[in-house]
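Visitor: My questions concern the predicted model and sequence given below.
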Amino acid sequence: MWQEVAEVVMRSLLISGMATVLAASWSIPIAMILTAKESEFRRTLLDVANALVAVPTVIIGLVLYLLFSRSGPLGFFGILYTPIAITIGQAVLITPLIISLSASVLRETKSGIWEMAVSIGATERQALITMVTESFPRLLTTILVGFNRAIGELGVALMLGGNIKGFTRVMTTVIALEVSKGEFEFALTLAGMLLLVTFTVTAIVRKVGKIA
Amino acid sequence: MKTRWIAVALIVVAVVSLLYIYQSAHYENVLRITTTTSLYTTGLLDKLADAFKQKHPNVLVQFIPVGSGEALRRAAQGDADMVLSHAPNLERRYLNDGTLKTGRIFAYNYFIIVGPGNDPAGITGMEPLKAMAAIYTAGEEGKAKFVSRADNSGTHARELMLWSLAGVNPSGKSWYLELGSDMAQTLMVANEKGAYTLSDIGTYLKFSSRLGELKPLIDKGDVLLNIYSVYVVNPVKVPAVNEKLAEAFMEFILSEEGQRIIEEYGIAEYGKPFFNAVIGGPTEKLNDAWESMAELGMS
């Protein structure tokens, strides 16, 4: 049993970690663009991102399922019911969350650091870089929130992964399955593992953030 | 400077993980089966797959447990090679539109009507259809409740069939609770609310230790016959189906060895078998029962 648990935990970390790296790689630049200058258009986009944080995971799962299905427009990739599909789904899921959180972090640092940097003669580009490096530890926290949302969600993993044993079974889908099998004790053990994992990752990332 | 190293490390991790995921996504022989949940959660399918893998070590059998309705629909969308289902009237629809090739019955058992121990509708010992009518009457009088799966699963399809055969329609009544949940959840809600519900025998047996308030009240009658069939998805209608492998697995399920596994499953743990096997092919009676239930759904 513990071997299977370890396997599922590793798989969850890998899939959700990948999803987080992917999501951060486009969400933070987007947040930078959205906060670099004030305009009606950028504010609207930010409002849209804020609203999308509330989209239910199953809706994202459903939309991507229809896209990735063999009869769907992206069906020829054959990635439905694979870990890649879950990774993409979770990345899409946490994109608005990371954009929204890091935009507010960047906006806060901007009012202080940006203006100071410009006032002591930095170019706009230099000011932007300073702003991002200065807010790095806090940006890391926003990414972490994204990761925790990804690893704790069920809808996307179930719809896009299919909960296939030894392949796309992650912690949340095992918990759901074990509950439906009546194995409450095992489900609770796994829930404990899920919390332990997210605590550990949070602690490690915080440490790394401080060193950097 | 340190920031840059962290960025490099993250990218390396990302690339390595991507390679790992990509590689594991491309097993040569993958057999993808959508299946009814009630069959999967008993654990029987994993056991069958393990035995099958001893003969075909390179094959990867993947089960996707959803309700029968969903299992068939996903197959029609081209996302499975094979379907395991227990809803003859739904199966007939997909046979007619060409999604499925001819199927085979591979196991059966009985649905049971469970309810609170004090049996407020007084159905103990009744014929199944009379019992449904009695629950309806008691419900209207405010003495009984009924919990429905309401999730387009095989069990749900059967429940609707029973109501309509009994000549009543509980839809929309305040005592008729539509959940949209799996069998386990439905049984637990029925247990908490002291309500009646229809269940497959396997799930009920697995859960019975947690269902103190519920008793199996009716477990006999041809209308409660629960027939499990296996279908290979039609490669003409749905391209990219792994037909050869699907047929091999079907042959294995129907073989003497596969049938023995089905027949013995559950005895060691629960004292009773979960399923009856169909060694030597299904009986006339079973085939007729399947036919008549498939017909009922068409009207």
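Guide: Good, I have the coordinates. Numbers count the residues shown, from 1 in each chain, chains lettered A, B, ... in the order given.
Visitor: Counting by contacts, list what whatever helix or strand B:Lys244 lives in packs against.
Guide: For B:Lys244, the element it lies in under DSSP states H and E is helix B:243-254. Here helix B:243-254 touches strand B:29-36, helix B:44-55, strand B:82-85, strand B:104-116, strand B:225-232, helix B:256-264, going by 3 or more Cβ pairs under 8 Å, 6 or more residues apart in numbering or on different chains; DSSP states H and E. Every residue, glycine included, has its C-beta placed from N, CA and C.
Visitor: Dump the longest one to CSV, restricted to CA.
Guide: Extracted C-alpha coordinates of strand B:104-116, given in CSV (Å, rounded to 0.1, in the frame of the first residue of the first chain):
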residue,chain,number,x,y,z
ARG,B,104,-21.4,-10.3,-25.0
ILE,B,105,-22.9,-10.8,-21.6
PHE,B,106,-20.1,-11.7,-19.1
ALA,B,107,-21.6,-11.6,-15.7
TYR,B,108,-24.9,-10.9,-13.8
ASN,B,109,-26.3,-10.5,-10.4
TYR,B,110,-29.4,-8.8,-8.9
PHE,B,111,-30.3,-5.3,-8.0
ILE,B,112,-31.8,-5.0,-4.5
ILE,B,113,-34.3,-2.6,-3.0
VAL,B,114,-32.9,-1.5,0.3
GLY,B,115,-34.8,0.6,2.9
PRO,B,116,-35.0,1.4,6.6
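Visitor: okay, B:Pro273: pLDDT?
Guide: With respect to pLDDT, B:Pro273 scores 88.
Visitor: That one: how many residues sit nearby?
Guide: When neighbours are counted by other Cβ atoms under 10 Å in any protein chain shown, B:Pro273 registers 18.
Visitor: Name the SS class of it, please.
Guide: Put simply, B:Pro273 is coil when judged by DSSP: H, G, I helix; E, B strand; the rest coil.
Visitor: Could you do A:Thr189 as well?
Guide: On the basis of three-state DSSP, A:Thr189 is classed as helix.
Visitor: Let me see the contact set for it.
Guide: A:Val5 (Cβ atoms under 8 Å, 6 or more residues apart in numbering or on different chains).
Visitor: Next, B:Ser199: secondary structure please.
Guide: Following three-state DSSP, we place B:Ser199 in the strand state.
Visitor: what's the average pLDDT for stretch A:85-100?
Guide: What stretch A:85-100 shows for mean pLDDT is 96.
Visitor: Relative to the whole chain's centre, how far out is that stretch?
Guide: Remark: stretch A:85-100 is offset 5 Å from the chain centroid, using Cα atoms, centre = their mean, to the nearest Å.
Visitor: Same check on stretch A:102-111?
Guide: That offset, for stretch A:102-111, works out to 19 Å (Cα atoms, centre = their mean).
Visitor: List the neighbours of it that are in contact with it.
Guide: A:27-28, A:31-32, A:34-35, A:46, A:49, A:131-132, A:134-135, A:138-139, A:142-143.
Visitor: I'd like the helices and strands packed on helix B:243-254 as a markdown table, with distance to chain A appended.
Guide: Below are those laid out as a markdown table (distance: least, Cβ to the nearest Cβ, whole Å):
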| stretch | distance to chain A |
| --- | --- |
| strand B:29-36 | 7 |
| helix B:44-55 | 7 |
| strand B:82-85 | 14 |
| strand B:104-116 | 15 |
| strand B:225-232 | 16 |
| helix B:256-264 | 17 |
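Visitor: Buried deepest among these, which one?
Guide: With neighbours defined as mean count of other Cβ atoms under 10 Å in any protein chain shown, the helices and strands packed on helix B:243-254 peak in mean count at strand B:82-85, which reaches a mean of 27.
Visitor: The next helix or strand after that strand vs strand B:104-116, what angle?
Guide: Sequence-wise, the next helix or strand downstream of strand B:82-85 (DSSP H and E) is helix B:88-96. Interaxial angle, helix B:88-96 versus strand B:104-116 (axes from the mean of the first three to the mean of the last three Cα atoms, to 10 degrees): 150 degrees.
Visitor: How about residues contacting helix B:88-96?
Guide: B:68-69, B:72, B:75-76, B:85, B:100, B:102-103, B:154, B:157, B:161, B:227, B:229, B:231, B:290-291, B:293-298.
Visitor: Mind giving me the ChimeraX select for the residues you listed, buried ones only?
Guide: Of the contacts of helix B:88-96, the buried ones go into a single ChimeraX selection, burial set by 16 or more other Cβ atoms under 10 Å in any protein chain shown:
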select /B:68,69,72,75,76,85,100,103,154,157,161,227,229,231,290,293,294,296,297
